[in-house]
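Chemist: Provide a 3D model corresponding to the input given below.
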Amino acid sequence: MKVFTYSEARQNLSELLNTAQNEEVEIRRRDGSIFSIVPKTLRIKTTPKPDKLLSFHSTI
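Modeler: Residues are numbered from 1 along each chain as shown. Down below sits the predicted model:
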């Protein structure tokens, strides 16, 4: 995971987005706030498919 400060993220947005295509990227603000950038395709992969949820639910 690559970490950018807020200022670095603003100055290098293109690089940040290119990196985020392959791995999670964190942006940290001076006040301690932390944000993650993850491509939607990665997020979808980690979400269970609806049919798997139904089959799991039927076993409960």
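Chemist: So for the helix or strand harbouring residue 15, mean pLDDT?
Modeler: Following DSSP states H and E, one finds residue 15 within helix 13-20. Helix 13-20 comes out with an average pLDDT of 94.
Chemist: So what touches that helix?
Modeler: 2, 4, 9, 25, 27, 37, 38, 39 (CB atoms under 8 Å, 6 or more residues apart in numbering). C-betas here are computed from N, CA, C, even on glycine.
Chemist: Buried by neighbour count: which residues of it qualify?
Modeler: Residues of helix 13-20 classed as buried: 16, 19, 20 (neighbour count, 16 or more other CB atoms under 10 Å).
Chemist: Would you map the helices across this structure?
Modeler: 6-11, 13-20, 40-46, 50-59 (DSSP state H).
Chemist: In JSON lines, list the contacts of helix 13-20 along with neighbour count.
Modeler: Below are those laid out as JSON lines (neighbours: other CB atoms under 10 Å):
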{"residue": "2", "neighbour count": "14"}
{"residue": "4", "neighbour count": "20"}
{"residue": "9", "neighbour count": "20"}
{"residue": "25", "neighbour count": "22"}
{"residue": "27", "neighbour count": "19"}
{"residue": "37", "neighbour count": "17"}
{"residue": "38", "neighbour count": "14"}
{"residue": "39", "neighbour count": "15"}
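Chemist: Please produce CSV containing the residues you listed, extended by pLDDT.
Modeler: Below are these laid out as CSV (pLDDT from 0 to 100):
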residue, pLDDT
2, 93
4, 96
9, 96
25, 96
27, 97
37, 93
38, 89
39, 85
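Chemist: Now, the residues you listed that are in strands?
Modeler: Mapping those onto strands (DSSP state E) picks out 2, 4, 25, 27, 37.
Chemist: Count the residues that sit near the residue nearest to residue 26 when sequence neighbours are not counted.
Modeler: Nearest non-adjacent residue to residue 26, counting by CB to CB, 6 or more residues apart in numbering: residue 3, 4.6 Å away. Other residues near residue 3 number 12, with proximity taken as other CB atoms under 10 Å.
Chemist: how near is residue 3 to residue 17?
Modeler: 15 Å (CB to CB, to the nearest Å).
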